[in-house]
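Asker: Quick one: sequence plus predicted model below, questions after.
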Amino acid sequence: MAALTKLQKMQKNVPSIFKPTINKNIRGIQTALASADDRIVEQIRNAKEQLFVSLAQLQYLDSLGSNVGVFRPTVFNLSDTLYKQLIPALSYHPKQVITTIKTVLGIFFGENNSRVSVHEIRPNQIEITIPSSVPSLRRELAGSHHFHCYSGDIVSIDDVLKQIVITLDGGGSKVLDEGEVDGGLFGSSNKADIILSNFTTVAPAKTVIQFSDEVDLSKYSAGERFNLALKNYAGSFIPDTRKPYTVTKQRGVLGQTIEAGKVYSTLIMEEASGIPDGAGLLIFNFGKPNREALVKYFGRPNNKTLSIDPAHVFESEHVAGEMVNVIVTPYQKPDKSGEDLSVYIVGVRAARYLAQDIIESIKAAGVVINWTVIEPKISC
């Protein structure tokens, strides 16, 4: 039997002579009282939750943390989830214990981060290695799946099923959204392959990268670092003043193969609606070794065709799927205000400085900590 609502309970206790379910006046009074009572109960329940660190939120969580001397950092936006982990680590855990130091570093850099290590060399000397920035905080931002790339470690490889299981930097529990990197690029050292799809398994949660049957995965090794780039994200590029042109965001996708040494009067495009219908200049596969710039085009007859200058002899081979960007000459110097530059998010160095300060504050007197900060090898 379903539980009675507040209004039904009140109606049940009113004498039937008043006809509480029919009389509009009685029903209106009871409805108002029941609604007000429900709101009071909800407020009491919410107030009780704000008394506990594990349930409190926002300013109520700040108050609980300040009561034990742990204040939310102001140099960057630390989420409630991470702040809840920081409060007990700094208020109740013993000092100078390696486990406590690892707990604090895990809050900032993610648990089981392969780039974080803590070693007690002597009773009074500890060596700590950490990345130069805090990647785990980036995933707290809405829309983080639109970032140019991810990095992490290869856990296992199945060359029969053509799958690679990975862990991402910033925490072993972090996984990708299903299909987030479809068609992207998976690479390590000097090797790279196109991703067919990605998905997440359950119990335990892990990210699986799926490749096509023709990809040879034997060249990868478990424990190896990787970088994973999204297909449809243009990225942020450093202006190159040595080139006589500037690459614009107007672009299309090549729909045919172009052979080196040949000329073409028209090109089939997979998508060309982003390219203006008028004469201009193009660059093929910008940012890649076979990029080819200053290719003149006369117009866009339709969204699947470009009219190309037949006097241009292509120097490199290009394949379907490559990006074709419009360029302008001469080189356009970005405004010093920064308004001309793309907005992008990087790791938070201020968070790393804070993590180091916290570790220094919880160590016992006489203990020396030697810090090693690892700079990223690849910029995405």
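Answerer: Structure's in. What do you need? Note that the structure is predicted; figures quoted are calculated from it, not measured.

Asker: ok, the residue lying closest to residue 271 once chain neighbours are set aside - contacts?
Answerer: Closest residue to residue 271 apart from its sequence neighbours, by C-beta to C-beta, 6 or more residues apart in numbering: residue 253 at 4.6 Å. Every C-beta, even on glycine, is put in place using the N, C-alpha and C of the backbone. Residue 253 makes contact with 269, 270, 271, 272, 321, 322, 323, 324 under the criterion C-beta atoms under 8 Å, 6 or more residues apart in numbering.

Asker: And these, which two are furthest apart?
Answerer: Put simply, by C-beta to C-beta the two of those set farthest apart are 272 and 321, 13.6 Å from each other.

Asker: Same drill for the two, tell me which one is more crowded.
Answerer: residue 272 (24 against 13; other C-beta atoms under 10 Å).

Asker: Report the contact partners of the more buried one.
Answerer: For residue 272, counting by C-beta under 8 Å, 6+ apart, the contacting residues are 252, 253, 300, 302, 303, 304, 305, 306, 324.

Asker: what about 7 Å?
Answerer: Shown in contact with residue 272 (C-beta atoms under 7 Å, 6 or more residues apart in numbering): 252, 300, 303, 304, 305, 306.

Asker: Distance of it relative to residue 329?
Answerer: Using C-beta to C-beta, to the nearest Å, we find residue 272 at a distance of 21 Å from residue 329.

Asker: Wait, a strand at residue 17?
Answerer: No. Checked against DSSP: H, G, I helix; E, B strand; the rest coil, residue 17 lies outside a strand; its state is helix.

Asker: where does the stretch 201-350 of the chain have low pLDDT?
Answerer: Confidence mapping of the stretch 201-350 of the chain against pLDDT under 70 gives the ranges 202-203, 229-242, 332-348.

Asker: Backbone dihedrals for residue 81, both of them.
Answerer: phi -60, psi -50 (degrees, to the nearest 10).

Asker: ok, it - how many residues close by?
Answerer: Per other C-beta under 10 Å, the neighbour tally for residue 81 reads 9.

Asker: Kindly report the same for residue 108.
Answerer: 27.

Asker: Kindly report the same for residue 118.
Answerer: Residue 118, neighbours per other C-beta under 10 Å, totals 16.

Asker: likewise the one 3 residues further on?
Answerer: With neighbours defined by other C-beta under 10 Å, the count for residue 121 comes to 10.

Asker: What distance do you get for it to residue 40?
Answerer: Residue 121 is 59 Å from residue 40, by C-beta to C-beta.

Asker: Ok, residue 246 next?
Answerer: Applying C-beta to C-beta to residue 246 and residue 40 gives a distance of 63 Å.

Asker: Kindly report the same for residue 110.
Answerer: Distance from residue 110 to residue 40, by C-beta to C-beta: 42 Å.

Asker: Tell me how the protein divides into domains.
Answerer: Partitioning the chain according to automatic domain parsing yields domains covering residues 13-49, 138-229, 246-328.

Asker: host element of residue 35?
Answerer: helix 24-49 (DSSP states H and E).

Asker: by contact count, what packs against the following helix or strand past that helix?
Answerer: Using DSSP H and E, the helix or strand that follows helix 24-49 in sequence is helix 58-67. Applying 3 or more C-beta pairs under 7 Å, 6 or more residues apart in numbering; DSSP states H and E, one finds that helix 58-67 makes contact with helix 80-91.

Asker: Now do the helix it packs on against helix 58-67, angle only.
Answerer: Angle, helix 80-91 to helix 58-67, by axes from the mean of the first three to the mean of the last three C-alpha atoms, to 10 degrees: 10 degrees.

Asker: okay if I get the contacts of residue 253 as CSV plus distance to residue 97 and secondary structure?
Answerer: CSV is the format used below for these (distance: C-beta to C-beta, whole Å; DSSP: H, G, I helix; E, B strand; the rest coil):
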residue, distance to residue 97, secondary structure
269, 62, strand
270, 58, strand
271, 58, strand
272, 62, coil
321, 54, coil
322, 55, coil
323, 52, strand
324, 58, strand
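
Asker: among these, who's most crowded?
Answerer: Counting by other C-beta under 10 Å, top hit in the contacts of residue 253: residue 324 with 27 neighbours.

Asker: What count of nearby residues applies to residue 98?
Answerer: 12.
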